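1. What follows is a predicted protein model with its sequence.
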Amino acid sequence: MLCPTCRKLISSDETKCPYCGTSRPGSVMLNNPLTGLFDDPGRLIKAIITLNVAMFALTIVMSIQGLNLSANPLTFLSPDGRILLVFGSTGKVPIDNMNRWWSLLSANYLHGGILHILFNMLAFRQISVLIAREYGTYRMFMIYTLGGILGFWISYLAGTSFTIGSSAAICSLIGAALYYGKARGGAYGQAVYRQIGGWALMIFLFGFTIPGIDNWGHGGGIGAGILLGLLLGYQEKKREAPWQKRTALACALCTLIVLAWAILSGLYYIFIVKI
């Protein structure tokens, strides 16, 4: 078999890779369909975008009677708020009143309108390529997932009643890029820092001029990304460690489980409880 870390040919019954030291290289945790997804940054990025689009399409279909079709481009094709709630929006109300702590993860895959998801996915497509290249795909997904959760947790602590969107997770990637640019230095690092810094400034200006923007989630996501970038390191300093790969795979598994639960929970409230 090929070692899942260094890709060298080894015996399938090795307890430790003789080349890179990865323990239990033949374990299911390091060898499963998700591992192949992480080996190709393009496929992983497309998979994340597909999940976001699929969840948006589902909430649109379930909101068909309460769908917002106004001429306002900011609210056009906005799912019903009740549908977003039962499918996993987060904030003080879902967490405190419904004990939905898992919504800190599911809310990262919900969006409030066609422009909301369009802008977020375009931003994610651009920043994720940079982070996958400089941090590796496993660390990129860890930053995206954990940063999104931490960003929404900060928003929850700040008292936000309801919030959704992948912008907290995207802001965590921006925070990681800011840390990378500052820590690496040199002409390339400074260029990254200046460009991404411009992005961060635009996000905050946009957040303070457009009503309904979760600035706490954005700020929390950027702070979380900086912290995660510092703790995880980037490729030029150290390669992705086996524990980081296992953690990223665990994040992917948790994401699939939580989204499946969010869908089942939403369908239960719609068809059984009849909200």
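-> The structure has been received and is ready for your questions. Residues are numbered from 1 along each chain as shown.

2. Go through this protein and flag its longest helix.
-> Longest helix in the chain by number of residues (criterion: DSSP state H): helix 242-268.

3. ok, now which ones touch Met1?
-> Listed by C-beta atoms under 8 Å, 6 or more residues apart in numbering, the contact partners of Met1 are Leu9, Ile10, Ser11, Ser12, Pro25, Gly26, Asn31. C-beta coordinates here come from the backbone N, C-alpha and C atoms, glycine included.

4. helix, strand or coil for the fifth one?
-> If I follow you right, that is Pro25. What DSSP: H, G, I helix; E, B strand; the rest coil gives for Pro25 is coil.

5. so where's the chain uncertain?
-> Applying pLDDT under 70 to the chain picks out residues 5, 27-33, 66-76.

6. Helices of that one, start to end?
-> Applying DSSP H to the chain gives helices spanning 33-38, 41-62, 81-86, 92, 98, 103-106, 114-135, 137-157, 167-184, 186-209, 215-232, 242-268.

7. Give me the packing partners of the first one, helices and strands only.
-> Counting contacts by 3 or more C-beta pairs under 8 Å, 6 or more residues apart in numbering; DSSP states H and E, helix 33-38 is packed against helix 41-62, helix 137-157, helix 242-268.

8. Which positions in the longest helix of the chain come out as buried?
-> Buried residues in helix 242-268, counted by 16 or more other C-beta atoms under 10 Å: 242, 244-249, 251-252, 255, 258-259, 262-263, 265-266.

9. From those residues, pick the one nearest Glu236.
-> Of all these, Glu236 sits closest to Gln244, with 15.5 Å by C-beta to C-beta.

10. Surely the closest one touches Gln235?
-> No - the criterion here is C-beta atoms under 8 Å, and Gln244 misses it with Gln235 at 11.6 Å.

11. could you redo the contacts of Met1 as CSV and give each row distance to Gly136 and neighbour count?
-> Below are the contacts of Met1 laid out as CSV (distance: C-beta to C-beta, whole Å; neighbours: other C-beta atoms under 10 Å):
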residue, distance to Gly136, neighbour count
Leu9, 22, 8
Ile10, 21, 19
Ser11, 26, 11
Ser12, 25, 9
Pro25, 18, 27
Gly26, 21, 17
Asn31, 18, 16
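
12. Great, nothing more from me.
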